[in-house]
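# Okay, predicted coordinates and the sequence, questions at the end:
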Amino acid sequence: MATKHQELLTLEGAKIAVAASEKKAREIGVDMNIAIVDASTHLLHFSRMPNAKITSISIAMDKAFTAAGHRVGTHTYKEAVWPGGPAYGLGNTNGGRFTTFGGGLPITNSKGEVIGGIGASTGTPAQDQQVVQAGVDALEAVLKGKVSAKL
C-alpha cells in the first residue's frame, strides 16, 4: 500500500498568518474575525478583534473551510453561483458552510499543496480578501526564507 507524506500547517504558522491579517485589518480600519483551518478543514486558530461582528464569526470559519476544502479562494465563485450559473446552489452544500464570496484563501506549501485555509469576515468581501491575502503573503515570506520562523 502506498502512502503520502503531507506537510502540516502548525499553530505557529497559523499565528503568523493571523498576526499579519490583524495588522492589515488595523491598516484598513476594520476589526475582523480571522480563522485558520488545517488541510482537513478543522479549526486550528481563531482571532476575534474587539469590534468584529459577532455574526461574522462562523462566516470567517466557513470561508477558511471552503478555501481549504475546495482548494481555491472563495472569491472565484462569484459569477458561477448566480441563478443559471454552472455552480448555482453550491452555497447550499456542506451543511450550508460552502462560501461563495470573497474573504477565504487556501494556504499552500512551497510545493503548491494545500496545507490549510484562512478566512476573514466583518468588512466587505473586498476588505476581507485584503486581510486574508496579507496572512497568506506573510506565510509565503516565511516559506521563501525572507522571514525567519518555524512552521
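Happy to help now that I have it.

# CA atoms for contacts and neighbours, from now on please.
Noted.

# ranges for the strands of the protein?
Under the criterion DSSP state E, the chain contains strands at 33-38, 43-48, 104-108, 114-121.

# Nearest to His75, out of these?
strand 104-108 (7.3 Å; CA to CA).

# I'd like to know which elements that closest one is packed against.
helix 57-70, strand 114-121, helix 125-143 (3 or more CA pairs under 8 Å, 6 or more residues apart in numbering; DSSP states H and E).

# out of the ones you listed, which comes closest to Thr108?
Here strand 114-121 is closest among those (CA to CA), at 4.3 Å.

# contact partners of the closest one?
Contact partners of strand 114-121, identified using CA atoms under 8 Å, 6 or more residues apart in numbering, comprise 7-9, 32-41, 56-57, 59-68, 71, 103-109, 128-129, 131-132, 135-136.

# what's the offset of it from the middle of its chain?
Counting by CA atoms, centre = their mean, to the nearest Å, strand 114-121 is centred 2 Å from the centre of its parent chain.

# Let me know the angle separating that strand from strand 104-108.
Angle, strand 114-121 to strand 104-108, by axes from the mean of the first three to the mean of the last three CA atoms, to 10 degrees: 150 degrees.

# Glu27 is nearest to which of the helices and strands packed on strand 104-108?
helix 125-143 (9.6 Å).

# who does the closest one touch, helix- and strand-wise?
helix 11-28, strand 104-108, strand 114-121.

# Compute the distance between Val142 and Ser56, please.
According to CA to CA, to the nearest Å, Val142 and Ser56 sit 29 Å apart.

# make that Asp31, sorry
The value you get for Asp31 to Ser56, if CA to CA is used, is 11 Å.

# go on, Ala2?
41 Å.

# tally of neighbours for Glu140?
Using other CA atoms under 10 Å, Glu140 is surrounded by 18 other residues.

# Check Ile16 too.
Neighbour number of Ile16 under other CA under 10 Å is 20.

# can you check Ala14 too?
25.

# Just list the residues touching it, thanks.
Neighbouring residues of Ala14 by CA under 8 Å, 6+ apart: Ile36, Leu44, His45.

# most surrounded residue in the residues you listed?
Of those, with other CA under 10 Å as the count, Ile36 tops at 36 neighbours.
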